[in-house]
Each structure stands twice: as structure tokens, then as C-alpha cells.
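Asker: sequence isn't available, so here's the structure alone:
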């Protein structure tokens, strides 16, 4: 990544630093609990605005910099944090004030998670990044390695990991209530598909407030098209998002990975429609095979489905006739019954068509953001560090790759980071645009 600050990248900090209140002087941050944590937020619109609100509400946190390629988002965030330095280009921010930043929050579209997080980690900054951790497998692996090498505090934004529903499901499963698990079925009924035909053959005027070239970032250049990508439709495009699986998979895979201790899958195969040339198809049906753990049988079969057509096999959930599966969640088939984990609701246990009133290992919710901020200051640890979130994200991204090769079983060598499949291996990493 280019660390060079050009005259343009300096000027497009958008709103002159002179407009912001001067930063208070600060000494070297040594991670002591009473220290002020100086945080920079990159991406402050949409989910980024929510992340900013939650992180800034933690104790001993000061927002020192705000970065967004859309000046409307940046202006709104500055109203709430007038003392922060504003930037449009994160590279310029790091070049100019890296020594004033202790930690970085990344809440951009998926394609910029990896480049920004890697740059921050290389500078020795603690990092919170929204899910999925990155857009490509090579980026995720590099982030995980850097965090370990440098001993940095990291967290991936799967907020539900800290919610009482998922915490209770994980604790109850670990207690062995359904015995060893042989199958896991995960699903969501929503869809982030893009247009089958790809990009529109036109170029619309770029909004005055938007730095379109910076929004594209490491992705190849293309014209701006109103309503096609920014601000909310990028998830369905391969260059920018990771589809429905990338959006929701990290959430719904989470309690399954956490409770069963899963690592990398051996194989992955797509039985659903093949993705389009530039966009993701509206439905997925991905089947993984994982090596067994203490909580599973010798092999675990995990099936992910999304969209409005392909659905999980509800008969395997052993539900009573008057109950149905939720719109999103998972169920795990064990030796002594089935646990259904609705997305954002408490788990339920079934056996032979009857709901079992078993005691749950209830766990209270925690604040996912404060957990990270406190850990950055040397108080406690995070629950979704990259050492955990990295392998989880890798499995999710393996599914997005399999969706491009329908009915072809891909064998994944995690250590070598390769499939032994020419087409799939070409998708493990991506080439960045010049100057990125």
C-alpha cells in the first residue's frame, strides 16, 4: 500500500483540520486501565455511525479522528465529535497523525476492511473491524498473523456474540445437553444479490459530497452509477461485498464455531445457483465438511442456505407439528436431540417431535464494543479477536468462492492456503489498484 501523501490526498481530508478543535496533548499510551484511549474511526455512515456511538460511549475513550469518503457522513459525525480531526483518505490520516492514534475502528464496505486493518496493524494500532474481517482470504490471514506478531488487541464486529442468546446457546451446548453433534444447518431468508447482468452501461454524475475514487479504493475503477453501489447496495457486487453469506454468515456461524471449537473445513461445495459474472446469485446452498472436535462426531457436516428459495431441511430439526424454524438461525443435530438457535433469541432443544424443557446455562449479555475498548486499555480481553474471527471468516469466504463453481467439491489446504483448483486458487487474494 502506498504511504505517500500527495497534494490531492492532503487536500481531500475534506474539511480542513483547521475547522476542528485542536487536540489535547497526550503522552505515550502504555495500555494502563486509567489511560485515555485515542481512537480513529474509518467509515462513519450507516453501521459506522452506530459503531462510533457505541465505542465513544466506553470509559476513557477519546475520538481523535474521523474518516469517511462521503462528506455528508463526515459532517454528521463531526457534529457529535467536534474535537476530532476530519479526513477523507485513511492513508493521509495515518501519514499525518499516526502517532496520535492508539486504536482504529474500520466500518467501511467489505472490500476496504483488509487494506485498512492491515495498514493499522502494521502501524501497531489496536483494531476493531466490522464483519466479515476482510474481503479476501489472504487479507484475513495476514490480519490474523499481524495481530499475533505484534500483540495487538483486535475484535471483529459480530455484536451478537456478546448477546445473552448466543452466549447461553454456546454454554448450554458445551455442557453436552445434546451430546456429540454430527450436523449443523445454518440459514437466513434475506438476500444481497446483485443484478444478474452486472453493471449498468452508463456513468452518472458523482455527488459533490462523495470522493468516488476513494470509495473504490483497492477495487478496479468503474463509473459511478446512482443507486447501484453507494451507499447501501454494494454487498451484492463481487468487487465490493461478499454477498449474503459474507454479511450474515459471520453472525450465524459464530455460536456454532464457538461451541464446537471448529477450525478450517476440509471441503466445501456449492449446490445452489452459480454466482453471476459480477454479482452474487440470490440464493446459496453451501455444504462444508469439518474434521471432528471433542464436541462433534468424527466428521461434522455443515450446510448454509440463504435467500427465499433454498431452505434448511426442517424435518431434521425434530420440531413439534405446531412449531416452525425461525427466519434466520441454526440448528445442531446431536446424539440426544437438536438445539435450535434463532438469530437474536434464546435457544430451544427438541427430541423426537417434542420440545424439551431443559435447564439452560444462561449467560448475561456483555457490551461488545466496551469489551474491546477496555482491552485496548489493558483491562480484560476481547471475545472475538482475530485469532478466533480469522478462521471463522475464512470459512465464510470459502463458501463465497465455492458459489462460483457449482457442484465442484473444493478441498481446502489451510496451511498452504490453496485448493489445488486453478480457478479457486486465483480467488484467494486480489490485486490492488496502482497506488494502493
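Answerer: Thanks, I have the structure now. These figures come from a predicted structure and were not determined experimentally.

Asker: where does the prediction get shaky in the chain?
Answerer: By pLDDT under 70, the low-scoring segments of the chain are 1-34.

Asker: spatially central, which residue of it would that be?
Answerer: In the chain, the residue lying closest to the centroid (CA atoms, centre = their mean) is residue 131, at 0.9 Å.

Asker: these two touch, right, it and residue 160?
Answerer: No - assessed by CB atoms under 8 Å, residue 131 is found out of contact with residue 160, at 10.1 Å. For every residue, glycine as well, the C-beta is placed using N, CA and C.

Asker: tally of neighbours for residue 391?
Answerer: Neighbourhood size, residue 391 [other CB atoms under 10 Å]: 20.

Asker: what's downstream of the helix or strand hosting it, the next helix or strand?
Answerer: Residue 391 is located in helix 386-402, with elements delineated by DSSP states H and E. Along the chain past helix 386-402, the next helix or strand (assigned with DSSP H and E) turns out to be strand 410-411.

Asker: partner strands of that next one and their direction?
Answerer: In the sheet, strand 410-411 lines up against strand 267-270 (antiparallel) (DSSP bridges).

Asker: spit out the contact partners of the closest residue to residue 293 other than its chain neighbours.
Answerer: Once flanking residues are discounted, residue 293 sits nearest to residue 261: 4.4 Å by CB to CB, 6 or more residues apart in numbering. Applying CB atoms under 8 Å, 6 or more residues apart in numbering to residue 261 gives the contacts 293, 294, 295.

Asker: for the helix holding residue 391, which residues meet the burial criterion?
Answerer: For helix 386-402, the neighbour count (16 or more other CB atoms under 10 Å) marks 386, 388-402 as buried.

Asker: what comes up buried for the helix or strand where residue 97 lies?
Answerer: Using DSSP H and E, residue 97 falls within helix 90-97. By neighbour count on 16+ other CB under 10 Å, the buried set for helix 90-97 is 90, 91, 92, 93, 94, 95, 96, 97.

Asker: swap in stretch 366-375?
Answerer: Buried residues in stretch 366-375 (16+ other CB under 10 Å): 366, 368, 369, 370, 371, 372, 373, 374, 375.

Asker: quick one: contacts of that stretch?
Answerer: Under the contact criterion CB under 8 Å, 6+ apart, stretch 366-375 has outside partners 33, 37, 39, 51, 54-55, 57-61, 103, 126, 128, 153, 155, 157-159, 161-162, 167, 380-384.

Asker: what subset of these is buried?
Answerer: In the contacts of stretch 366-375, burial by neighbour count holds for 37, 39, 51, 54-55, 58, 61, 103, 126, 128, 153, 155, 157-159, 161-162, 167, 380, 382-384, counting by 16+ other CB under 10 Å.

Asker: ok so, going back, closest one of the buried residues of helix 386-402 to residue 144?
Answerer: Residue 144 has its nearest neighbour among these in residue 390, at 3.4 Å by CB to CB.

Asker: these two touch, right, the closest one and residue 143?
Answerer: Yes - in this structure, residue 390 is within contact of residue 143 by CB under 8 Å, at 6.5 Å.

Asker: identify the contacts common to those two.
Answerer: The contact lists of residue 390 and residue 143 share residue 133, where a contact means CB under 8 Å, 6+ apart.

Asker: hey, where'd the helices end up in the chain?
Answerer: Taking DSSP state H, the helices of the chain run over residues 7-11, 47-56, 71-80, 90-97, 113-122, 137-150, 164-174, 212-216, 243-260, 368-376, 386-402, 422-425.

Asker: make TSV from those helices and add distance to residue 327 to it.
Answerer: Shown next, in TSV, are the helices of the chain (distance: least, CB to CB, whole Å):
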stretch	distance to residue 327
helix 7-11	44
helix 47-56	21
helix 71-80	30
helix 90-97	36
helix 113-122	27
helix 137-150	28
helix 164-174	15
helix 212-216	32
helix 243-260	11
helix 368-376	23
helix 386-402	19
helix 422-425	31
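
Asker: wait, which of those helices is closest to residue 270?
Answerer: Closest approach to residue 270 among these (CB to CB): helix 386-402, 4.3 Å.

Asker: just checking, what packs against that closest one?
Answerer: Applying 3 or more CB pairs under 8 Å, 6 or more residues apart in numbering; DSSP states H and E, we find helix 386-402 packed against helix 137-150, strand 154-157, helix 243-260, strand 267-270, strand 284-291, strand 410-411.

Asker: just want the angle from the longest one to helix 164-174.
Answerer: It refers to helix 243-260. Comparing the axes of helix 243-260 and helix 164-174 via axes from the mean of the first three to the mean of the last three CA atoms, to 10 degrees yields an angle of 50 degrees.

Asker: can you pull the buried residues of helix 243-260?
Answerer: Burial within helix 243-260, assessed by neighbour count using 16+ other CB under 10 Å, is assigned to 243-260.

Asker: got it, and the fifth one?
Answerer: Neighbour-count burial for strand 284-291, counted by 16+ other CB under 10 Å, picks out 284, 285, 286, 287, 288, 289, 290.

Asker: I figured the first one hits residue 307, correct?
Answerer: Yes - checked against CB under 8 Å, the pair residue 284 and residue 307 is within contact range at 6.5 Å.

Asker: shared neighbours of those two, anything?
Answerer: Residues touching both residue 284 and residue 307 by CB under 8 Å, 6+ apart: 244, 272.

Asker: ok, and the most crowded of the contacts of residue 261?
Answerer: residue 295 leads these on contacts (other CB under 10 Å) with 19 neighbours.

Asker: quick check: the gap between the residue nearest to that residue when sequence neighbours are not counted and residue 217.
Answerer: Leaving aside its sequence neighbours, residue 295 sits nearest to residue 260 (CB to CB, 6+ apart; 4.5 Å). Remark: distance between residue 260 and residue 217 (CB to CB, to the nearest Å) = 35 Å.

Asker: ok, residues contacting stretch 140-151?
Answerer: Contacts of stretch 140-151 with the rest of the structure, by CB under 8 Å, 6+ apart, involve 114, 117-118, 121-122, 124, 127, 129, 132-134, 152, 154, 385-387, 390-391, 393-394, 397, 417.

Asker: could you rerun that using 7 Å?
Answerer: The contact list for stretch 140-151, computed with CB atoms under 7 Å, 6 or more residues apart in numbering, reads 114, 117-118, 121-122, 124, 133-134, 154, 385-387, 390, 393-394, 397, 417.

Asker: also stretch 308-327?
Answerer: Applying CB under 7 Å, 6+ apart, the set of residues contacting stretch 308-327 from outside is 183, 185, 187, 189, 191, 272, 283-285, 303, 305, 331, 333, 337-338, 340, 342-343, 345, 350-355.
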